[in-house]
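Undergrad: what's the 3D shape of this:
(2 chains)
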2 protein chains.
Amino acid sequence: MKLPRTPTMRRMPTYLHRLLRMQAAGEEWISCAELAAYMNIPHILVRKDVAMTGLRGNRRYGFRVNELIDAILRFVGWDCPATATLVGAGALGTALLGFSDFATYHFSITSVFDSDPAKIGREIHGFPIYDIAEIRWRLKHFSPKIGILCVPAVGAQLTSDILVSLGIRYIWNFANVCLQVPPGVIVQREVIAGGLAVLSAKIKQMEAGEAATEGEDE
Amino acid sequence: MKLPRTPTMRRMPTYLHRLLRMQAAGEEWISCAELAAYMNIPHILVRKDVAMTGLRGNRRYGFRVNELIDAILRFVGWDCPATATLVGAGALGTALLGFSDFATYHFSITSVFDSDPAKIGREIHGFPIYDIAEIRWRLKHFSPKIGILCVPAVGAQLTSDILVSLGIRYIWNFANVCLQVPPGVIVQREVIAGGLAVLSAKIKQMEAGEAATEGEDE
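TA: Numbers count the residues shown, from 1 in each chain, chains lettered A, B, ... in the order given. As a prediction, this is how the structure comes out:
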C-alpha cells in the first residue's frame, strides 16, 4: 500500500476536530463544501481527502458526522490505542502534555522524562516527571510504542539512541536536528520554523505586489 | 510568480540550520548529497530545492556554504528583518519565545500579550508580558508585520479579529481552529497533530507488515 500524501494526512486532525465539535452539538450531517468553507481550502481537496478514507456519502445530505469520524480514525490508524513516552518537559513538552485532542486519537502519553533536577519529581498537567537516568528500567513498565523527543538539539541523538535501544521504533522528533536511526525505525520530524518559511515566502510575494495563493496551502 | 511547493519551503529551515553549523565550524563547501544524507531524503529532492534558490553550484565542490546560506535567506524572504507580536504566553508561546534560530532568519518577536493576570508584568525569556487589554495602543509603538497566535482555540477568532483591525495582515496561527479573515489577510496555520497523523499512518502500514516509505516524507 502506498501511503496517502502527507498534506492529506496533515488535514485529518482538523477535519476530526471540527467533526467532534459538530457531534457534540448534536449535528448529524456534514458536506465536503462545509468543511472546505471552514478550512478555506478548495472543495475538491476535501472531497479527495474524504474519499481516501473509503467512506461513501449520501448524494443529498453528505456524510454522517459519526461515520466520518470513525472513518477518519480508522484511516489514520487512530482506531486502536497507542501510547508514548515524552522526553524533555520544557515549554514545548509541556504544551504537548496539555494537548487535549490526543485523547480523541486514542493516543496517550504514559511517561515523561527530563534531566533537570528542578523538574524531576514534579508534576506537569498531572504527569510525574521521571529522571532520564531511570529511563531504562522505567520504560519496561510502560512499554510505549512511540517516543516523543522534546529535548534540546544537542541531546537529541543520544536520547534517540537510548529510545531505540529500548525497542522504540517510532519517534516523533521536535528537536531541531535530523536523527540518524537504524533501518526499521521511523522518525517523524516537526520543523516549527517550516510554517514560518511558508508564511515568509507568501509575504515576500504579497509585498512584491503579486497576490499570494489564497487559502490553506497544500 | 507561483510559490514554490510547501514541502520545499518547509525544508529550508533545516538546510539553513545545518549550513549555519557548518559555517560556524569553518567549513567552506557543501554538496547536495551531504545534505540529503543528513536529512535522509532523496538526493534529487535536495538538488531541486537548492535549484529553486537560483544558486548555481560548482561541478566539483558543490556549493559555497556562505553563498547557499544567503541564497536560502533571499529565497524565503528572510534577507530583510521582520517583526512579530505574540499573543498567548502559555507553554507553546514560551517555546517560541525561546526559539534561538529566529535571529538567523532576521525574524524577531518584539511584543508579547496575554490575558492571565499571573503572567502580565512578568518576563519570559527576557520578554515582558503585556496585558492583552492594552494591545490597541501598545501595538502602535511596535507596529509588527506578523501576529503569532498561541491562544486557546476558544479565544483565537476574537484575537485574530483584533490583530486584523490593528492592520496586521499576516497571521501565524497555532490555535486549534481555522480562522475566518477578510481578503488580503494571509493565515499560516500550524497543526501540531498533523505530524502525529502522518506518523500514525506509517505505523499502521508497518504493523500491517508492509515497509513504510523510508526517509523524510514530502
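Undergrad: and the host helix or strand of A:His141, how far out from the chain's middle?
TA: For A:His141, the element it lies in under DSSP states H and E is helix A:135-142. Relative to its chain's centre, helix A:135-142 lies at 24 Å (C-alpha atoms, centre = their mean, to the nearest Å).
Undergrad: give the buried residues for that helix.
TA: The neighbour-count check on helix A:135-142 (16 or more other C-beta atoms under 10 Å in any protein chain shown) flags A:135, A:138-139 as buried. Just so you know, the C-beta spots here come from the backbone N, C-alpha and C atoms, and that holds for glycine as well.
Undergrad: just the closest of the residues you listed to chain B, please.
TA: Proximity of those to chain B was ranked by C-beta to the nearest C-beta; the top entry is A:Leu139 with 17.9 Å.
Undergrad: which SS state does A:Ser108 fall under?
TA: Of the three states, A:Ser108 takes strand according to DSSP: H, G, I helix; E, B strand; the rest coil.
Undergrad: I'd say it and A:Thr85 touch.
TA: No - using C-beta atoms under 8 Å as the test, A:Ser108 is too far from A:Thr85 to be in contact (10.7 Å).
Undergrad: between those two, who's got more neighbours?
TA: A:Thr85 (24 against 12; other C-beta atoms under 10 Å in any protein chain shown).
Undergrad: anything in the helix or strand the more buried one falls within near chain B?
TA: If you go by DSSP H and E, A:Thr85 is part of strand A:82-87. Yes - for a cut-off given as C-beta under 8 Å from any C-beta of the partner chain, strand A:82-87 has contacts with chain B, namely A:Ala82.
Undergrad: which strands and helices lie in contact with that strand?
TA: Judged by 3 or more C-beta pairs under 8 Å, 6 or more residues apart in numbering or on different chains; DSSP states H and E, strand A:82-87 is in contact with helix A:91-97, strand A:107-114, helix A:135-142, strand A:146-149, helix A:153-165.
Undergrad: helices or strands up against the first one?
TA: Packing partners of helix A:91-97 (3+ C-beta pairs under 8 Å, 6+ apart): strand A:82-87, strand A:107-114, strand A:123-124, helix B:91-97.
Undergrad: out of those, the one nearest B:Asp116 is which?
TA: Nearest to B:Asp116, of all these, is helix B:91-97, at 10.9 Å by C-beta to C-beta.
Undergrad: ok, back up a step: got a markdown table for the buried residues of helix A:135-142, with pLDDT too?
TA: Formatted as a markdown table, these follow (pLDDT from 0 to 100):
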| residue | pLDDT |
| --- | --- |
| A:Ile135 | 97 |
| A:Arg138 | 96 |
| A:Leu139 | 95 |
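Undergrad: tell me how far the longest helix seen in chain A is from the chain's mean position?
TA: As assigned by DSSP state H, the longest helix anywhere in chain A is helix A:6-24. Distance of helix A:6-24 from the chain centroid (C-alpha atoms, centre = their mean) equals 12 Å.
Undergrad: so what strands line up beside the helix or strand just after that helix?
TA: Toward the C-terminus, helix A:6-24 is succeeded by strand A:29-30 as the next helix or strand (DSSP H and E). Using DSSP bridges, strand A:29-30 pairs in its sheet with strand A:63-64 (antiparallel).
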